[in-house]
Structures are given as structure tokens and as C-alpha cells.
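**Student:** Here is my input; please provide its structure:
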Amino acid sequence: MSRINGDKATRKSKRVGIIGCGWLGSALAKELINQGCQVSATRSREESVNELSAQGINTHLLLIPTEQGALNKHRIFDCQQLVIAITPQLRQGRIDYPEKIKQLIQAAEQSNAVKQIILLSSSAIYNGLSGDVTEEVPLVLSADKVQLLHEAEQAALAFDQADAQRCAYVLRLAGLVGESRHPGKFLAGKNKTLADGDAAVNLIHQQDAVGLILALLNTNAASGIFNGVSNTKANKREYYQRAAQALSLPEPVFSKQETKTDTRVVNGDKAQRLLSYQFVYPDLLSWL
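**Tutor:** Okay, the predicted model is just below:
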């Protein structure tokens, strides 16, 4: 299968497309450009296109869902590798995420250029589960949002079925944090007592999310699903109170009586093992 390898001259001949180049995607784009890759990106608003273009990222407008014929002709599908980073917007009540992914995959299949798809999914697909969860665990498809995420993932993974030269990966990212998205601000100052203080935190730093995507762009691993999560061992009460302390903000207050005894811990061993990736921030308590 075609891959970007470690040779910089080879990387310059490759084009990587980032569909939905937001907070994470723009960080990825800048790193790829620094490595000598040709990068194309899309956003769904003209002002966002102009903003990224001003930062030196070749960006074009793309609105989906749309008419399939027009989508097939979009220049983003001239890239050999595509990172799909559009947000599902499930919290806003949107249910068309699988339709959007299916449209993008269909356009990629019609392209003679695209050889690799990486779909950035969410660890929210493990809703309804408890304990240590790996990529192989059966999903609770009746749980909130899970079916929609699952349909989108399956559409992406089907990209390689008709062509042995193609490959497809799903990266299930935990909650994203970073220098401009500090967790100390997430819950600080809430004027209510919060529940689920004993639940485990499943988070990943932006820099490690980018690192895992880069590892997938370079991997020879078979198509499949990978979790992207740090090794932080803390519950929500401990983590978010300490995060607020780090910024000298009011600490969130959690209920002392918990009704849930099980916690869900997303296991990221597979990605570290098969992609030979070492986290920059393996412990996000220490990062605080």
C-alpha cells in the first residue's frame, strides 16, 4: 500500500488532505507542512477558509451533504491521503454524520488519487460500557450516539474493500486538551454540584493526537481501528479540581455520593504498540 515514508523528498511528492480543518486539523496541517508535505484543507465557512489561508494552509470551501457529482470533482480528492476531521455535532442534535462520511467515502472511491483514509472518530462510541475497553469490545449500539458513530466508522473502513491498494483507519480520540484548550476551564465555577466524580478521565493532548495521525500516515499496519488516549490515571473529581487549581480558578464541586460503581477506561495500548508511538504527554496530571 502507498504510504508517506521517512524520506523527505518522497513526502514532498505526496499530498495530504484534511477535511474539516479545525483546531486539531490546523495543528496537523502545520506539522505536515513543516515536514515538507503538500497539504490541502477544507472548511465549511468562507471566513474560516480565509483565516487558514492567511496562515499558509491551502484551504478551500466544502459543504456537505451536497450533490454527489459536484463533491466528486472537489480538488481535495486529488490528494493521496485524506484525514476526515469533521465534527459529528451530535450534541447539537445533528443526525446526518453517517451520511456525510458516506458521501466523502464515495467521492474518494471515485478518485484515482486517494489511497488512504483516516477518519477521526470519538471514544464516545464506548458509551454504555464500563471497565477497560479496547478496540475489539462489542459496542452498545442502543446507547446514545453510538449507532451514528458506528455507521460512520463502518463507511470509512469499507474504503479499502474494493481495491487492495487502498487502506482505511479509524482513530477514536478521547477528549482533546491543549495549551489553548485547558481542562481547568471546562468545569470551573459551575454553579451546581456535579455528578460522576468517580468516573475515569479519558483525554489526549492535541500534540499526541497529531502524533498518532502522523504515525497512521506512515504506518504499514493493516486497516483497522485505533484508540487515541493518554495513560492518565485519575477520576474526574481529582483531575478537574487539580486542573482548576493550576489556573487559580474556582474548583468544580462533585457530589460525594456516587450511584455508579463502574468506570470506563479507554485502552490505548494497541496504537502505541502497532504504531510504535511514544506519547509526549502520557500523564495529563503531570502536564497540568
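
**Student:** Show me where the stretch 51-200 of the chain has its helices.
**Tutor:** Ranges of helices within the stretch 51-200 of the chain are 68-72, 97-110, 146-157, based on DSSP state H, counting those that start in this stretch.

**Student:** Helix or strand with the lowest mean pLDDT in this structure?
**Tutor:** Least confident helix or strand, the chain: helix 8-12 with a mean of 45, by mean pLDDT, DSSP states H and E.

**Student:** Mind telling me what element the closest residue to L187 other than its chain neighbours is part of?
**Tutor:** Of all residues not flanking L187 in the chain, P252 sits nearest, at 3.9 Å (C-beta to C-beta, 6 or more residues apart in numbering). Quick note: C-beta positions are derived from backbone N, CA and C, even for glycine. According to DSSP states H and E, P252 maps onto no helix or strand at all.

**Student:** related to what we said a few turns ago, need the helices of the stretch 51-200 of the chain in TSV with distance to A199, mean pLDDT and mean neighbour count, can you?
**Tutor:** Output for those, formatted as TSV (distance: least, C-beta to C-beta, whole Å; pLDDT from 0 to 100; neighbours: other C-beta atoms under 10 Å):
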stretch	distance to A199	mean pLDDT	mean neighbour count
helix 68-72	40	93	13
helix 97-110	25	97	20
helix 146-157	17	97	20
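
**Student:** circling back: ok and whatever helix or strand comes next after the least confident helix or strand of the chain relative to helix 97-110, angle-wise?
**Tutor:** For helix 8-12, the following helix or strand on the C-terminal side (DSSP H and E) is strand 15-19. Note on geometry: by axes from the mean of the first three to the mean of the last three C-alpha atoms, to 10 degrees, strand 15-19 and helix 97-110 are set 160 degrees apart in direction.

**Student:** what's the closest non-adjacent residue to L71?
**Tutor:** That would be A107: by C-beta to C-beta, 6+ apart, it lies 4.8 Å from L71.

**Student:** What mean pLDDT does stretch 165-176 get?
**Tutor:** Average pLDDT, stretch 165-176: 97.

**Student:** State the distance from D132 to R264.
**Tutor:** As judged by C-beta to C-beta, to the nearest Å, D132 and R264 stand 8 Å apart.

**Student:** between the two, who's got more neighbours?
**Tutor:** R264 (17 against 13; other C-beta atoms under 10 Å).
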